[in-house]
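> give me a 3D structure for the following:
(2 chains)
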Amino acid sequence: GQQVMQIPQYQHVQEGEDFTTYCNSSTTLSNIQWYKQRPGGHPVFLIQLVKSGEVKKQKRLTFQFGEAKKNSSLHITATQTTDVGTYFCATNTDKLIFGTGTRLQVFP
Amino acid sequence: EAGVTQSPTHLIKTRGQQVTLRCSPISGHTSVYWYQQALGLGLQFLLWYDEGEERNRGNFPPRFSGRQFPNYSSELNVNALELEDSALYLCASSSGGGAGTGELFFGEGSRLTVL
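The predicted structure is shown next:
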C-alpha cells in the first residue's frame, strides 16, 4: 500500500532556530494535510494543500506542496517552546493515511 | 459545540478478552475514522465509516471490527486481545465527501492496556 515517509524522525532545536520536516511519497498525491500532536494530546489539523507548487503560510509556519505533488514540507521560523510536538503529514487515496511523523523538541 | 467524544478514556484488559470503544462525532459529521497509535509511534489507519457504511479498512486482522449507527456514532470492537493491541485508539470525524477531502477532528482517544 501507499506509504508516506517523513524525515527527520526527531529534531532537537534551540529556541529561536528554524525547523523543517519533509514528507515524501513514491506516488503522486491528490492532496496533503498537516497535523500537530502535542505530547499526551491528539492530532490537530493545521492545513491542507491541494495544488502543485502551492505555498501557504500561518504566522511562523510555511507549508509547501511539491511541483510533482510527491512531497511536501513544513517550515517553522524561529521556533518557540510552544512548537513542541509531533508533526504529521497525511494524504488520501481511498483512506486518509498518516506519515511517520517528526517529533520536535525545543530547548529554551 | 461539542467536539469528538470517546469512551472510555482508559481501560485495562487481559489477553484474550474483548473490548468495545465508543465514539461520538461532531454534530453534523457523517464520517468517522479509527486509528491505532502505539506508544510513541504514528497513526495506523483502522476503519472508515460514512453514512453508516464501512468504506475502507486498514491492514488489521478481522478481530478488529466496528460499526456506525444511524446517529453517526461509532463503535470499535477488538476481540481476542493480544499484548500488541496496547495503544491509544483515536477516533476522528469529518463532514464527509470522501476520505481526506476535509480536515479530521480527533477525540482525546481511548488508552487500552492489555496485560
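> from now on I want contacts and neighbour counts done on CA atoms only, so please keep to that.
Fine.
> the helix or strand of chain A with the lowest mean pLDDT packs against which elements?
Sorted by mean pLDDT, DSSP states H and E, the helices and strands of chain A end with strand A:96-98, the least confident at a mean of 88. Counting contacts by 3 or more C-alpha pairs under 8 Å, 6 or more residues apart in numbering or on different chains; DSSP states H and E, strand A:96-98 packs against strand A:85-92, strand B:44-50.
> quick one, which of the ones you listed is nearest to residue A:72?
In terms of C-alpha to C-alpha, the element of the helices and strands packed on strand A:96-98 nearest to residue A:72 is strand A:85-92, at 8.2 Å.
> so is that closest one next to chain B?
Yes - with C-alpha under 8 Å from any C-alpha of the partner chain as the measure, strand A:85-92 is seen reaching chain B through A:91, A:92.
> want to throw the helices and strands packed on strand A:96-98 into a markdown table with mean pLDDT and mean neighbour count?
A markdown table is the format used below for these (pLDDT from 0 to 100; neighbours: other C-alpha atoms under 10 Å in any protein chain shown):
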| stretch | mean pLDDT | mean neighbour count |
| --- | --- | --- |
| strand A:85-92 | 93 | 24 |
| strand B:44-50 | 94 | 24 |
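> can you lay out the ones you listed as TSV showing distance to residue A:75?
TSV is the format used below for those (distance: least, C-alpha to C-alpha, whole Å):
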stretch	distance to residue A:75
strand A:85-92	11
strand B:44-50	25
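> could you find the closest non-adjacent residue to residue A:11?
residue A:104 (5.0 Å; C-alpha to C-alpha, 6 or more residues apart in numbering or on different chains).
> how about residue B:46?
Here the residue nearest residue B:46, using C-alpha to C-alpha, 6+ apart, is residue B:58, at 4.6 Å.
> near residue 81, how many residues? Count them for me, please.
As the question left the chain open, I've gone with chain A. By other C-alpha atoms under 10 Å in any protein chain shown, 15 other residues sit near residue A:81.
> that's the other chain; I wanted chain B
Look at residue B:81: counted by other C-alpha under 10 Å, it has 20 neighbours.
> rewinding a little: mind listing what the residue nearest to residue A:11 touches?
Neighbour list for residue A:104: A:10, A:11, A:12, A:13, A:83, A:84, A:85, A:86, A:87 [criterion: C-alpha atoms under 8 Å, 6 or more residues apart in numbering or on different chains].
> residue A:57 now?
Residue A:57 neighbours (C-alpha under 8 Å, 6+ apart): residue A:63.
> quick check: bridge partners of it?
Beta-bridge pairing for residue A:57 (DSSP bridges): residue A:62.
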